[in-house]
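> Can you look at this prediction? I've put the sequence above it.
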Amino acid sequence: MLQLQAIREEKDKIISALKKRNVDAAPLLENVLRLDVERRNTQTQLDNILAESNKLSKEIGMLFKSGKAQEANILKEKTGSLKEDSKKLGEALNAAAEELQTLLYQIPNVPNHLVPAGNTEEDNEEVFKEGDIPVLNTNALPHWELAKKYDIIDFELGVKITGAGFPVYRGKGARLQRALIAYFLDKNTEAGYTEIQVPHLVNEASGYGTGQLPDKEGQMYHIKEDDLYLIPTAEVPVTNIFRDVILNEGDFPICYTGYTPCFRREAGSYGAHVRGLNRLHQFDKVEIVRVEHPSNSYKALDGMVEHVKNILRELKLPYRVLRLCGGDLGFTAALTYDFEVFSTAQDRWLEISSVSNFEAYQANRLRLRFRDANGENQLAHTLNGSSLALPRVLAGILENYQTPEGIKIPEVLIPYCGFDVID
RNA sequence: GGAGGAAUGGCAGAGUGGUCGAAUGCGGCAGUCUUGAAAACUGUUGAGGGUCACACCUCCGGGGGUUCGAAUCCCUCUUCCUCCGCCA
């Protein structure tokens, strides 16, 4: 959520920056400003009435105390109309505030100046590329075939137990998955992130805090009975640790890493691109989350990008880094780098990580602040990224490391797996 | 699931209808003293709205009500604690 003060002060700047998202925010912002004025006017009127009625009440109290009941009763009569007015104004105030809130929720974050213009993923800007794309046999298989051949992932069994998009991992497949989780967590911990385990279900307030709610309800599984949501990413529970928190400057940087399963409804997606591990309803992910001083958040973002690069380098997977264009940028992000690993047998890039700076957008919703050097409370910046999303890394490993003798295990993972080939 | 108790500022803890945004202690910050530190002493120390700055307004778990007036009374929800039951 953008800060009202920013909208008041730099409306035009915000409108022009949001054009990068192909959004014409002008009418929305005009409405916000109109409601803001209305809200403040109503507030002032209400405050005056409340001040008067507070004063009267005190006088009445004093009169009763000094035994002047009659005078007190005369004053009492005057409070009736004040009460009526304050009730009406209070309702008007709530209505205006609520409407204002609704509008503010509809405004996406302002893109950073580095964000390229563009509409679709075609317009994302490749900023880095590394790793050799292996030359495979003509009979190289996509990962879903390999999964079947080596009996390590069973998609049909998942359909039986739950439904499409809930695979079952077995034997070396399950072990490799566990190895990746342990390896990622270790790498993150070495880099200074504190490992944390969080709930996999969150309440409504948490959904609002990080921006999944309102409007994106369709993405999350909702448990009606208890009004809880299955997390689509660890970002939600981890970042919400800091909802309604005021930090000290010395607390920065705050770095957390956590492994969680992620649940996504993915309503509406279908077809060849969702085959195998490409798109699932339940998948595992290791996430990194940072809370930063505003002056340091972009340095932190770069650091996170380097960190993820290092992991992919160690895994010896061919990958590239994209700077998302305005049209592809997530609603709450100011700048996002996507990592894609090349899936050789499918001959396409698969997104395996997304690293973003949300600046103060989430913090504003979360009321996540810190006390600055002047003793003033100001909003912190939040960031997060995947390191990494398991299924597509797994797909990348299976496809890129396949040989006629079986699937080789990347060297760094061998100690975690306890074997060096899947055959 | 059943029975009882509780929820107040960073923490502990008073306050049971009026001048209470809230005693006191601890903690934090600033100062005095000191070569420096500690101790001691003095001051200061919640959040939001509003204003050029004041004034002023709101907030004592959430929501609603009674009253001229609510931290205090009533209703309701949530959470926590104790006991019983069940249980990985």
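Thanks, I have the structure now. Not measured: the values here are computed from a predicted model. Numbers count the residues shown, from 1 in each chain, chains lettered A, B, ... in the order given.
> interface residues of the stretch 251-400 of chain A facing RNA strand B?
The stretch 251-400 of chain A comes close to RNA strand B at residues A:369, A:371, A:377, as judged by CB under 7 Å from any atom of the strand. In this view, the C-beta of every residue, glycine as well, is placed from N, C-alpha and C.
> can you list the domains in chain A?
If you go by automatic domain parsing, the domain ranges for chain A are A:4-106, A:121-422.
> For chain A, which segments count as helices?
Here chain A has its helices, by DSSP state H, at A:4-9, A:11-18, A:26-65, A:69-106, A:143-149, A:155-161, A:172-190, A:204-210, A:235-239, A:297-315, A:361-366, A:390-400, A:414-417.
> in the stretch 301-423 of chain A, what residue is nearest RNA strand B?
Nearest residue of the stretch 301-423 of chain A to RNA strand B: A:N377, at 4.0 Å (CB to the nearest atom of the strand).
> ok, now which ones touch that residue?
Listed by CB atoms under 8 Å, 6 or more residues apart in numbering, the contact partners of A:N377 are A:246, A:369-371.
> What about the residues of the stretch 251-400 of chain A next to RNA strand B, which are in strands?
Among these, DSSP state E puts A:369, A:371, A:377 in strands.
> Can you add distance to A:P199 and pLDDT and give the residues you listed back as a markdown table?
What follows is those, written out as a markdown table (distance: CB to CB, whole Å; pLDDT from 0 to 100):
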| residue | distance to A:P199 | pLDDT |
| --- | --- | --- |
| A:R369 | 24 | 91 |
| A:R371 | 29 | 87 |
| A:N377 | 28 | 89 |
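> ok, these vs A:G250, which is closest?
The nearest member of these to A:G250, counting by CB to CB, is A:R371 at 9.8 Å.
> picking that back up, which stretch in the helices of chain A is the model least sure about?
Of all the helices of chain A, mean pLDDT reaches its minimum on helix A:69-106 (a mean of 85).
> in it, what counts as buried?
Buried residues in helix A:69-106, counted by 16 or more other CB atoms under 10 Å: A:72, A:82, A:85-86, A:89, A:92-93, A:96-97, A:100, A:103-104, A:106.
> ok, the closest residue to A:R178 other than its chain neighbours - contacts?
Nearest in space to A:R178, with sequence neighbours left out and distances taken as CB to CB, 6 or more residues apart in numbering, is A:Y416 at 7.8 Å. Contact partners of A:Y416, counting by CB under 8 Å, 6+ apart, are A:178-180, A:182-183.
> Quick check: of those, which has the highest neighbour count?
A:L180 (23 neighbours; other CB atoms under 10 Å).
> and whichever residue of chain A sits closest to RNA strand B, how many neighbours?
At 2.8 Å from RNA strand B, A:G61 is the closest residue in chain A, using CB to the nearest atom of the strand. For A:G61, the count of nearby residues is 11 (other CB under 10 Å).
> re earlier: return the closest of the contacts of A:Y416 with respect to A:I397.
A:L180 (8.4 Å).
> those strands in the stretch 251-400 of chain A, which residues are they?
With strands called from DSSP state E, counting those that start in this stretch, the stretch 251-400 of chain A shows them at A:254-263, A:282-292, A:319-323, A:335-343, A:348-357, A:369-371, A:377-379, A:381-389.
> Got the confidence number for the closest residue to A:G163 other than its chain neighbours?
Nearest residue to A:G163, sequence neighbours excluded (CB to CB, 6+ apart): A:H281, at 7.4 Å. You'll see A:H281 listed with a pLDDT of 93.
> For A:H281, which residues are in contact?
Neighbours of A:H281 in contact, by CB under 8 Å, 6+ apart: A:163-166, A:263-266.
> about what we covered before: for the contacts of A:N377, which entry has the maximal number of neighbours?
That'd be A:F370 among these, by other CB under 10 Å, with 23 neighbours.
> I am assuming that one contacts A:P294, so please confirm or correct that.
No. Assessed by CB atoms under 8 Å, A:F370 is found out of contact with A:P294, at 9.2 Å.
> so what's in contact with the two at the same time?
Both A:F370 and A:P294 are in contact with A:378, A:380, where contact means CB under 8 Å, 6+ apart.
> can you tell me which residues contact A:E235?
A:210, A:287, A:289, A:384.
> For those residues, work out which two are farthest apart.
A:T210 and A:E287 (11.7 Å).
> Of the domains of chain A, which stretch is the most buried?
domain A:121-422 (a mean of 19; mean count of other CB atoms under 10 Å).
> What's the end-to-end length of it?
Terminal residues of domain A:121-422 lie 35 Å apart, using CA to CA, to the nearest Å.
> Could you tell me the end-to-end distance of stretch A:398-415?
The first-to-last residue distance of stretch A:398-415 comes to 18 Å (CA to CA).
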